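# below are the sequence and a predicted model for it; my questions follow.
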Amino acid sequence: MIEKQAHAKDLNSFQKKIVYQNSPDLVKGINMVKSKNKEYVFQDLIIRKASNSTKQVLWIDSTNKASTYALKSEELMQRVYISRAFTAFQHFKAVKQALKHINEDTELLIIPEFTYLYLNSGMSEEETENLFTESWNLVKKTVEEHGLNVLVSKTSNTYIDSILEIEADKTIKVQKTNTGDRFYTDKFDTLYYPDSNGFQTTIPFWKIREKHAQNFVKIRNQG
């Protein structure tokens, strides 16, 4: 009977999970976002992770692509603070300034294409690495102090880009589909996509659901 109840609880938990979770959990630390099509990926993650919160989101923009228009919610837009940088030194200062404002009311720190301005600064390789390293170390220190969710992406496959990838606590891959963004990690894959009628499921969704249902039925019959 105990085993039967456990499986019933497990099925119920699974059903709740597939209704509410269609993007991977973020870790308290560095979350590396990898996507070939970068347009609105971070806005999508903001919607998914900050819509049910009242906390602020800090966004440091280095390619002049940050936009709150895609967030659609006026209330959410007002909680997203964007700092724009156009040179490597401006980016470094923006990072320092943003980190001063991080507190218990900060939900996310977003720094897409972290390395872009450093790689295109015109500085020597040594100067580029030194300024980038100083900026990156500030972010890591702040993560340790505040247990913050940080979203970053790299620009290319250079040495400093590899540092981001190696030191990230989690990697989230994003693939554009006709029905929306597909997010996947080593332990997660998007199983459904919201649409005007509710949500559109995928083949893996039904395979997993069927497996859980079969296990539940098997235990019920044994009881």
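It's in.

# so where's this protein uncertain?
For the chain, the stretches with pLDDT under 70 are 1-23, 37-39, 177-181, 184, 188-223.

# burial count for the nearest residue to residue 29 once chain neighbours are set aside?
Among residues not flanking residue 29 along the chain, residue 169 sits closest, at 3.5 Å (C-beta to C-beta, 6 or more residues apart in numbering). Quick note: C-beta positions are derived from backbone N, CA and C, even for glycine. Per other C-beta atoms under 10 Å, the neighbour tally for residue 169 reads 13.

# and residue 64, by the same measure?
Residue 64: 9 surrounding residues under other C-beta under 10 Å.

# over to the one 10 residues further on?
A count of neighbours around residue 74, defined by other C-beta under 10 Å, yields 8.

# and it, how far from residue 80?
11 Å (C-beta to C-beta, to the nearest Å).

# quick one, what contacts the residue nearest to residue 29?
If you count contacts by C-beta atoms under 8 Å, 6 or more residues apart in numbering, residue 169 has them with 27, 29-31.

# closest one of the residues you listed to residue 65?
Nearest to residue 65, judged by C-beta to C-beta, of the contacts of residue 169 is residue 31 at 18.6 Å.

# so the closest one sits against residue 151, correct?
Yes. Counting by C-beta atoms under 8 Å, residue 151 is a contact partner of residue 31 at 5.1 Å.

# export the longest helix along the chain as PDB, just CAs?
Criterion DSSP state H: the longest helix present in the chain is helix 125-146. The C-alpha coordinates for helix 125-146 follow below in PDB (Å, rounded to 0.1, in the frame of the first residue of the first chain):
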ATOM      1  CA  GLU A 125      46.000  40.600 -26.100                       C
ATOM      2  CA  GLU A 126      47.500  41.000 -22.700                       C
ATOM      3  CA  GLU A 127      45.500  44.200 -21.900                       C
ATOM      4  CA  THR A 128      42.300  42.500 -23.200                       C
ATOM      5  CA  GLU A 129      42.800  39.500 -21.000                       C
ATOM      6  CA  ASN A 130      43.700  41.600 -17.900                       C
ATOM      7  CA  LEU A 131      40.600  43.800 -18.200                       C
ATOM      8  CA  PHE A 132      38.300  40.900 -19.000                       C
ATOM      9  CA  THR A 133      39.700  38.900 -16.100                       C
ATOM     10  CA  GLU A 134      39.200  41.800 -13.600                       C
ATOM     11  CA  SER A 135      35.600  42.200 -14.800                       C
ATOM     12  CA  TRP A 136      34.900  38.400 -14.700                       C
ATOM     13  CA  ASN A 137      36.300  38.000 -11.200                       C
ATOM     14  CA  LEU A 138      34.000  40.800 -10.000                       C
ATOM     15  CA  VAL A 139      31.000  38.800 -11.200                       C
ATOM     16  CA  LYS A 140      32.200  35.600  -9.600                       C
ATOM     17  CA  LYS A 141      32.900  37.300  -6.300                       C
ATOM     18  CA  THR A 142      29.400  38.800  -6.300                       C
ATOM     19  CA  VAL A 143      27.900  35.400  -7.100                       C
ATOM     20  CA  GLU A 144      29.600  33.900  -4.100                       C
ATOM     21  CA  GLU A 145      28.500  36.800  -1.800                       C
ATOM     22  CA  HIS A 146      24.900  36.900  -2.900                       C
END
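
# appreciated, that's everything.
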